[in-house]
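Participant: Below are the sequence and a predicted model for it; my questions follow.
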Amino acid sequence: MRESIEMPKKIFYLIVGICSAIIMLTSIDIILRAKDTELFNMWLANTNSSQEFLMKTTEELFSEYLQMNISIFMVRAVTPMAIAIHAYFTFTKLRVNKLYVVLWSLISIGTFLLTSLGEQFYSIFFIMSGICYFGLIAIMSYLGKCIYNLRSI
């Protein structure tokens, strides 16, 4: 039989709060990037100067830049949304087991690593979201300890 526990209310609210903080910090970071013309100019300087690229107007290039930022936002926001939604269903209807803890811990680590690969580390919002990811992983390990303590009783 698998060992599983009910998710404590305090842990549920911590998970949802941290996930919403990650989404908020990511949103603010992307908004600041999208409106910063200096970052747009840096993006223009660093992109591949192909023939197709040189034929586009500044408005078309800015549109591509915004689409890229929106895509980055969606990739970064999907994981915390999924964790929060799954935590809600786990809190209300399901139970927490080792698979829940291991799966969401690995996905959180992977999402943070994917985010940090293409990131400029001078953004305070990136640093704060990194702290939130570490907090989320710590909460998942605490849930794992709760399951282990239940098994040893």
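Facilitator: Ah, there it is.
Participant: residues contacting the residue nearest to the spatial centre of the chain?
Facilitator: Geometric centre of the chain, nearest residue: Arg76, 4.4 Å, by C-alpha atoms, centre = their mean. When contacts are counted by C-beta atoms under 8 Å, 6 or more residues apart in numbering, Arg76 touches Thr26, Thr111, Thr115. Just so you know, the C-beta spots here come from the backbone N, C-alpha and C atoms, and that holds for glycine as well.
Participant: Of these, just say which sits nearest to Thr47.
Facilitator: Closest approach between these and Thr47, by C-beta to C-beta: Thr115, at 20.8 Å.
Participant: can you count the residues close to Asp36?
Facilitator: Asp36 has 12 neighbours, counted by other C-beta atoms under 10 Å.
Participant: and it, what pLDDT?
Facilitator: The model reports Asp36 with a pLDDT of 81.
Participant: Leu150 now?
Facilitator: Reported pLDDT at Leu150 in the predicted model: 68.
Participant: Where does pLDDT dip in this protein?
Facilitator: Applying pLDDT under 70 to the chain flags the ranges 1-2, 48-54, 119-121, 150-153.
Participant: circling back: in a markdown table, list the contacts of Arg76 along with neighbour count, secondary structure and distance to Leu103.
Facilitator: Formatted as a markdown table, the contacts of Arg76 follow (neighbours: other C-beta atoms under 10 Å; DSSP: H, G, I helix; E, B strand; the rest coil; distance: C-beta to C-beta, whole Å):
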| residue | neighbour count | secondary structure | distance to Leu103 |
| --- | --- | --- | --- |
| Thr26 | 23 | helix | 21 |
| Thr111 | 21 | helix | 12 |
| Thr115 | 19 | helix | 19 |
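Participant: could I get those as a markdown table with distance to Lys56?
Facilitator: Below are those laid out as a markdown table (distance: C-beta to C-beta, whole Å):
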| residue | distance to Lys56 |
| --- | --- |
| Thr26 | 28 |
| Thr111 | 32 |
| Thr115 | 28 |
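Participant: The helix ranked longest in the chain: what's the following helix or strand?
Facilitator: Secondary structure of the chain per DSSP state H: the longest helix is helix 58-92. Sequence-wise, the next helix or strand downstream of helix 58-92 (DSSP states H and E) is strand 96-97.
Participant: Figure out how far that following strand is from the centre of its chain.
Facilitator: Centroid displacement of strand 96-97 relative to its chain, using C-alpha atoms, centre = their mean, to the nearest Å, is 22 Å.
Participant: likewise stretch 73-87?
Facilitator: On C-alpha atoms, centre = their mean, the centre of stretch 73-87 falls 6 Å from that of its chain.
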